[in-house]
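K.L.:
No letters, just coordinates:
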């Protein structure tokens with residue numbers, strides 16, 4: 001900091017003894033107002049920012065009323081402007097409501113640090129899709145590798161020093177084993193990854209077994225899933241992986257395995273639009289479920305009483 005005396009700028013006494021790093025920090029942490037055209041999404045950002053949700057609507061309403069309360073964290077781009085490290089959803093909402101400036105804090109991060117921070121800022125956000133978590137954990141893992149972390153992703157041996165899944169789990173709510181599964185999902189072909197997101201392919205069979213199939217094998221399996229409206233069980237997925245590892249998984253074998261009859265599952269799906277008219281708008285899905293269960297319990301008791309008359 002400086003002050004002027006007779007037109008001459010004088011450095012404050014305290015500032016004379018600051019290191020270059022401290023002066024750089026002072027400069028970086030100052031909130032700046034920049035035009036929206038100067039701010040760009042992070043190139044390897046793994047999360048969706050525009051998927052509709054109640055949380056996104058609330059954020060957009062808040063930004064429309066009062067602006068962006070929390071500055072975006074950005075880093076300079078070599079080609080000019082800044083790319084976002086934290087604040088992609090705030091930037092998206094501001095764009096939708098027509099704000100033409102952004103409050104930012106500029107920090108100089110390496111590519112590795114930027115990758116890790118982009119993941120960490122959002123990895124515990126609610127309602128992330130499996131594909132988003134998969135891409136995020138893989139992005140962070142690759143950054144850690146480039147930083148020279150001593151890691152071993154392929155096993156769960158006790159005593160392995162600084163293993164990737166354990167390091168990743170330190171900043172996430174998922175267990176090390178679950179993180180391994182998410183990273184395995186990145187080996188799926190895009191249509192199968194979309195099937196996991198949509199719930200058409202279960203997470204565990206997909207991560208533990210289907211992700212080990214070759215691209216050709218996955219492509220034919222996805223074709224069968226679409227054509228016959230089927231999905232592999234854990235047992236079927238396990239056998240597909242085993243035969244694939246032996247190099248014998250031909251299309252006719254996939255056909256035979258997927259045609260096997262599975263135990264019938266009693267599954268009931270209640271459409272949200274049919275339920276909403278019976279509940280206050282403030283009710284969460286959990287509260288709605290509790291009410292439905294109580295009503296069913298009452299119906300079941302009455303039915304039993306009628307049958308004993």
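P.N.:
Sure, I can see it. Everything numeric in this text was worked out from a predicted model, so none of it was measured.

K.L.:
Next one, pLDDT for residue 215 please.
P.N.:
At residue 215, the model reports a pLDDT of 97.

K.L.:
Tell me how far the closest residue to it other than its chain neighbours lies from residue 218.
P.N.:
Using Cβ to Cβ, 6 or more residues apart in numbering and skipping the chain neighbours, the partner closest in space to residue 215 is residue 189 (6.0 Å). From N, CA and C alone the C-beta is placed, and that goes for glycine too. In this view, residue 189 and residue 218 are 5 Å apart by Cβ to Cβ, to the nearest Å.

K.L.:
And for residue 86?
P.N.:
As defined by Cβ to Cβ, residue 86 lies at a distance of 35 Å from residue 218.

K.L.:
and if you look at residue 289?
P.N.:
For residue 289, the distance to residue 218 (Cβ to Cβ) stands at 35 Å.

K.L.:
quick one: which of those two has more around it?
P.N.:
residue 218 (21 against 13; other Cβ atoms under 10 Å).

K.L.:
Give me the residues contacting the helix or strand encompassing that one.
P.N.:
Following DSSP states H and E, one finds residue 218 within helix 215-228. Residues outside helix 215-228 that contact it (Cβ atoms under 8 Å, 6 or more residues apart in numbering) are 188-189, 191-192, 195, 200-201, 210, 213, 230-232, 240, 244, 249, 251, 254-255, 258-259.

K.L.:
switch the cut-off to 6 Å
P.N.:
Here helix 215-228 makes contact (Cβ atoms under 6 Å, 6 or more residues apart in numbering) with 189, 191, 192, 244, 249, 251, 254, 258.

K.L.:
List the buried residues in that helix.
P.N.:
Across helix 215-228, burial judged by 16 or more other Cβ atoms under 10 Å covers 217, 218, 220, 221, 222, 224, 225.

K.L.:
which one of those is nearest residue 118?
P.N.:
Distance to residue 118, by Cβ to Cβ, is smallest for residue 218 among the buried residues of helix 215-228, at 28.3 Å.

K.L.:
in the chain, which spans are helices?
P.N.:
20-28, 54-66, 88-97, 111-120, 130-146, 164-169, 176-185, 190-197, 203-208, 215-228, 234-245, 251-259, 272-276, 285-307 (DSSP state H).

K.L.:
just the angle between the fifth one and helix 111-120, please?
P.N.:
Here helix 130-146 points in a direction 150 degrees away from that of helix 111-120 (axes from the mean of the first three to the mean of the last three Cα atoms, to 10 degrees).

K.L.:
Kindly report the same for the third one.
P.N.:
In terms of direction (the same axes, to 10 degrees), helix 88-97 departs from helix 111-120 by 70 degrees.

K.L.:
angle of helix 88-97 against helix 54-66?
P.N.:
60 degrees.

K.L.:
Can you name every helix or strand that helix 88-97 contacts?
P.N.:
Contact here means 3 or more Cβ pairs under 6 Å, 6 or more residues apart in numbering; DSSP states H and E; on that basis helix 88-97 packs against helix 54-66.

K.L.:
Now do the domain split for this protein, please.
P.N.:
Split into domains by automatic domain parsing, the chain comes to 1-30, 31-107, 109-186, 187-261.

K.L.:
Using CSV, please lay out those together with distance to residue 297.
P.N.:
Shown next, in CSV, are those (distance: least, Cβ to Cβ, whole Å):
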stretch, distance to residue 297
domain 1-30, 57
domain 31-107, 29
domain 109-186, 29
domain 187-261, 27
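
K.L.:
Please pick the buried ones from the contacts of helix 215-228.
P.N.:
Using 16+ other Cβ under 10 Å, the buried ones in the contacts of helix 215-228 are 189, 192, 244, 249, 254, 258.

K.L.:
Reformat these as TSV; add distance to residue 274 and pLDDT.
P.N.:
Output for those, formatted as TSV (distance: Cβ to Cβ, whole Å; pLDDT from 0 to 100):
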residue	distance to residue 274	pLDDT
189	35	97
192	30	97
244	42	97
249	42	96
254	37	96
258	32	95
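
K.L.:
Determine which two of those residues are furthest apart.
P.N.:
189 and 258 (16.5 Å).

K.L.:
Return the residues in contact with residue 207.
P.N.:
181, 184, 185.

K.L.:
rerun at 10 Å
P.N.:
Residue 207 makes contacts with 130, 134, 178, 180-188, 196, 237, as judged by Cβ atoms under 10 Å, 6 or more residues apart in numbering.
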